[in-house]
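>>> just the structure for this:
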Amino acid sequence: MALTSAIKGVIPIAPTPFHPDGRIDETSLDRMSEFFLGAGVDGLTILGQLGEAPKLDHAEAVAIAKRVIGRMNVPVLVGVSAPGFAAMRSLAREVMDLGAAGVMIGPPNTLRTDDQVVAYYRNAAEAIGPDVPFVIQDYPLTFSVIMTPAVIRRIVTENPSCVMLKHEDWPGLDKITALRGFERDGSMRHIAILVGNGGLFLDFEMERGADGANTGYAFPEMLVDVVRMSAAGERDAAHDLFDAHLPYLRYEQQQGPLGLAVRKYVFQRRGIFASDAQRKPAASLSAQGKAEVDYLLSRIARVDPRARMAGP
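Predicted coordinates:
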């Protein structure tokens, strides 16, 4: 089930459930895997920024990958970003041996020039091995690394094992248009483009040529439906459903640990997680914040009944 550039649809970024004392909650992890399958996703990404990967040690990361991969019948991508290539290679090789479809690599925040970015991905691809399909994570809001369309084209051209871009630049609609333009003029081979940022611009990103969503959101069913409707040319229906979720989606997209606190709270309300705990350093919702989220969920439920299970 190796990842290829033909991948389409929705590949959520999974949060990692913890007990209040910081232990990994394996029961909730299993329940989350079943939930995503029931939502009709086309794959799953684990150990990303949303999954609090930097707070896990190597053994914990491998154990989570083994458990999730063993329960999923869709491709599982694993985040392997690391300060050094030795750690990246070790995790990448282990999860691929466990059955992962590919890995996701984000750049370190020390890269400043185009040549540095291109060289980093060249070295990363060499470190993990040419047989490991990888995803470029383009997330300048978090990584402070700018990848122009031309830089992405260079990375794709140099590395045949690069099969997908996780597009999270903001603003970024014109970047998608530019990359698809490279494909049309023959200057870059096709790669899958799946978008992040909580799906905040998914409605128009699909119209610009994205293949789907590779992001966290407490209602992945909505992402699945919007991607399906967009692909089918049901523009108004896709926008109507997206618009119903937008006020809550905006609230969930607050940067850093607070946005994750919102998402974990809703996962708890939906019965997926037993706790909304994060590992330290962490953030939590105040009572007022929870009340605001409950209000936003009640508004979604007027249009999308799937939000009623999470409402007050």
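>>> so residue 265, which of the three states?
Taking DSSP: H, G, I helix; E, B strand; the rest coil as the rule, one finds residue 265 in the helix state.
>>> for it, grab the count of nearby residues.
The number of residues packed near residue 265 is 22, by other Cβ atoms under 10 Å. For every residue, glycine as well, the C-beta is placed using N, CA and C.
>>> residue 97 too?
10.
>>> one more: residue 243?
Per other Cβ under 10 Å, the neighbour tally for residue 243 reads 12.
>>> and the closest residue to residue 90 other than its chain neighbours, what's its pLDDT?
What sits nearest to residue 90 in space, not counting adjacent residues and going by Cβ to Cβ, 6 or more residues apart in numbering, is residue 58, at 7.1 Å. Residue 58 is assigned a pLDDT of 97 by the prediction.
>>> go on, the one 5 residues further on?
Reading off the confidence values, residue 63 has pLDDT 98.
>>> next one: the one 10 residues further on
pLDDT, the model's per-residue confidence, is 96 for residue 73.
>>> from what I see, it and residue 38 are in contact.
No - look at residue 73 against residue 38 with Cβ atoms under 8 Å: they stay out of range, at 11.9 Å.
>>> tell me what the helix or strand of the chain at the bottom of the mean pLDDT ranking is packed against?
For the chain, using mean pLDDT, DSSP states H and E, the weakest element among its helices and strands is helix 140-143, scoring a mean of 91. Applying 3 or more Cβ pairs under 8 Å, 6 or more residues apart in numbering; DSSP states H and E, one finds that helix 140-143 makes contact with no other helix or strand.
>>> isn't the residue nearest to residue 90 right up against residue 86?
No - using Cβ under 8 Å, residue 58 makes no contact with residue 86, being 11.1 Å away.
>>> with adjacent residues omitted, what lies nearest to residue 139?
Among residues not flanking residue 139 along the chain, residue 168 sits closest, at 4.1 Å (Cβ to Cβ, 6+ apart).
>>> close enough to count as contact, the one you found and residue 200?
No - using Cβ under 8 Å, residue 168 is not in contact with residue 200; the gap is 9.7 Å.
>>> what sits against residue 204?
Residue 204 makes contact with residue 173, according to Cβ atoms under 8 Å, 6 or more residues apart in numbering.
>>> offset the numbering so it begins at 11, please.
Sure, I'll start counting at 11 from here, so that last one is residue 214.
>>> for the stretch 211-322 of the chain, just list every one of the helices.
Remark: helices assigned in the stretch 211-322 of the chain by DSSP state H, counting those that start in this stretch are 212-218, 230-241, 245-262, 267-279, 297-311.
>>> now those helices as a markdown table including distance to residue 139?
Below are these laid out as a markdown table (distance: least, Cβ to Cβ, whole Å):
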| stretch | distance to residue 139 |
| --- | --- |
| helix 212-218 | 31 |
| helix 230-241 | 31 |
| helix 245-262 | 36 |
| helix 267-279 | 32 |
| helix 297-311 | 43 |
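>>> hey, what's the residue lying closest to residue 224 once chain neighbours are set aside bridged with?
Counting by Cβ to Cβ, 6+ apart, residue 204 is the residue found nearest to residue 224 once chain neighbours are left out, at 3.6 Å. Per DSSP bridges, the residues bridged to residue 204 are residue 176, residue 222.
>>> ok, residue 204 touching residue 13?
No - here residue 204 does not reach residue 13: they are 10.9 Å apart, not a contact under Cβ under 8 Å.
>>> what do those two both touch?
With contacts taken as Cβ under 8 Å, 6+ apart, residue 204 and residue 13 have residue 174 as neighbours in common.
>>> who has more neighbours out of those two?
More neighbours surround residue 204 than the other of residue 204 and residue 13, with 27 against 24 (other Cβ under 10 Å).
>>> which pLDDT value goes with the residue lying closest to residue 50 once chain neighbours are set aside?
Nearest residue to residue 50, sequence neighbours excluded (Cβ to Cβ, 6+ apart): residue 234, at 4.9 Å. Per-residue confidence at residue 234 stands at 98 (pLDDT).
>>> residue contacts, residue 234?
The neighbourhood of residue 234, defined by Cβ under 8 Å, 6+ apart, consists of 19, 20, 49, 50, 51.
>>> just among these, which is most surrounded?
The residue in the contacts of residue 234 with the most neighbours, by other Cβ under 10 Å, is residue 20 (28 neighbours).
>>> who does that one form a beta bridge with?
residue 223.
>>> and the pLDDT for it?
Per-residue confidence (pLDDT) for residue 20: 98.
>>> wait, doesn't it sit right on residue 46?
No - taking contacts as Cβ under 8 Å, residue 20 lies outside contact range of residue 46: 9.3 Å.
>>> shared neighbours of these two, anything?
With Cβ under 8 Å, 6+ apart as the test, residue 20 and residue 46 both reach residue 230.
>>> cool, thanks, talk later.
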